[in-house]
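S.K.: Sequence and predicted model, in that order:
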Amino acid sequence: MTAQAEAAAAAPEGTGRPRPATVPTPATATPTPAPGTGPAANTDTDPSPATDPGTDPTPGAGTEPGTVPAPATDPGTGRAAILHAARRAFALRPYAEVTLRGIAADAGVSASLIVKRFGSKEQLFAAVADFGPAADALFGAPLPELGRHLVHTLVGQRRAQQGDPLLRVVFSLGISDERSLLRDRFQEQITDRLATLLTGPDAALRAELIAAQLIGLGATLSIHRTGAASQAPPERLADLYAPALQRLIDG
């Protein structure tokens, strides 16, 4: 091949300007991946999804509904990425418009993996509406220490998971479709459960006010994603915010 022909072959497609010809380097053999192990391997295997689109990378920022961003890694099952994408989908669209295919695309997995992990759209939504694990973590301290524990746990979960454990309930307000289950579950698993733990008068009222303060803290951290609160250590946030919670706890 002549030098002019080599230069023409090196030109980017669609341009008339050739690149300078370069001296070819000896090719190195690239191992051929075994069947099923290359980039086109079965998507039903559990992926490690990247940070969710539209999330704020600032530690503790998170987006709601739930629209909570997926964890950077999801070793073993793909479950966390699926739940994250499902929380966002059910919060932002009517229940009837949400599809497993759409959730799968957002989570970076196949729809068959969602069926494998959760069974059906109804069962996946039931998992999204489950506040039980959040309640177990939030209420896992003696009453005299519960105020600080609530702040530490809420902030810690937001920063570790890049999403709020409670705030998705807000997206069910004024909704009369299946998403009203979020309100019912929140009432049962968070507010009513907390009321049974409190002693003294007005336990139900105090529990509702505590829940309101926790939602308010989560909303504030989400609004001020790069603000002072998002940068403050959990201990300092607890110093300032926990006393008001503890007064409600103590009655």
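M.R.: Yep, that arrived.
S.K.: what is the rounded mean pLDDT of stretch 112-122?
M.R.: The pLDDT scores in stretch 112-122 average 94.
S.K.: hey, which helix is longest across the protein?
M.R.: helix 203-223 (DSSP state H).
S.K.: Only C-alpha atoms, please: export that helix in CSV.
M.R.: The C-alpha coordinates for helix 203-223 follow below in CSV (Å, rounded to 0.1, in the frame of the first residue of the first chain):
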residue,chain,number,x,y,z
ALA,A,203,-48.0,8.6,73.4
ALA,A,204,-49.8,8.5,70.0
LEU,A,205,-49.5,12.3,69.7
ARG,A,206,-45.9,12.3,70.6
ALA,A,207,-45.1,9.5,68.2
GLU,A,208,-46.7,11.5,65.3
LEU,A,209,-44.7,14.6,66.2
ILE,A,210,-41.5,12.5,66.4
ALA,A,211,-42.3,11.0,63.0
ALA,A,212,-42.9,14.5,61.6
GLN,A,213,-39.5,15.7,62.9
LEU,A,214,-37.7,12.7,61.3
ILE,A,215,-39.4,13.4,58.0
GLY,A,216,-38.6,17.1,58.3
LEU,A,217,-34.9,16.3,58.9
GLY,A,218,-34.8,14.1,55.9
ALA,A,219,-36.6,16.7,53.7
THR,A,220,-34.2,19.4,54.9
LEU,A,221,-31.1,17.3,54.1
SER,A,222,-32.6,16.6,50.6
ILE,A,223,-33.4,20.2,49.9
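S.K.: And that helix, what does it pack against?
M.R.: Counting contacts by 3 or more CB pairs under 8 Å, 6 or more residues apart in numbering; DSSP states H and E, helix 203-223 packs against helix 146-161, helix 193-197, helix 228-231, helix 234-250. (Each C-beta comes from the backbone N, C-alpha and C, glycine too.)
S.K.: and that helix, which residues are buried?
M.R.: Under the neighbour-count criterion of 16 or more other CB atoms under 10 Å, helix 203-223 has 206-211, 213-215, 217-218, 221-222 buried.
S.K.: closest to Arg79 among those residues?
M.R.: For those, the residue nearest Arg79 by CB to CB is Gly218; the value is 22.4 Å.
S.K.: still on that earlier bit, most tightly packed of the helices and strands packed on helix 203-223?
M.R.: Comparing the helices and strands packed on helix 203-223 by mean neighbour count (mean count of other CB atoms under 10 Å), helix 146-161 ranks first with a mean of 21.
S.K.: Brilliant, that's me finished.
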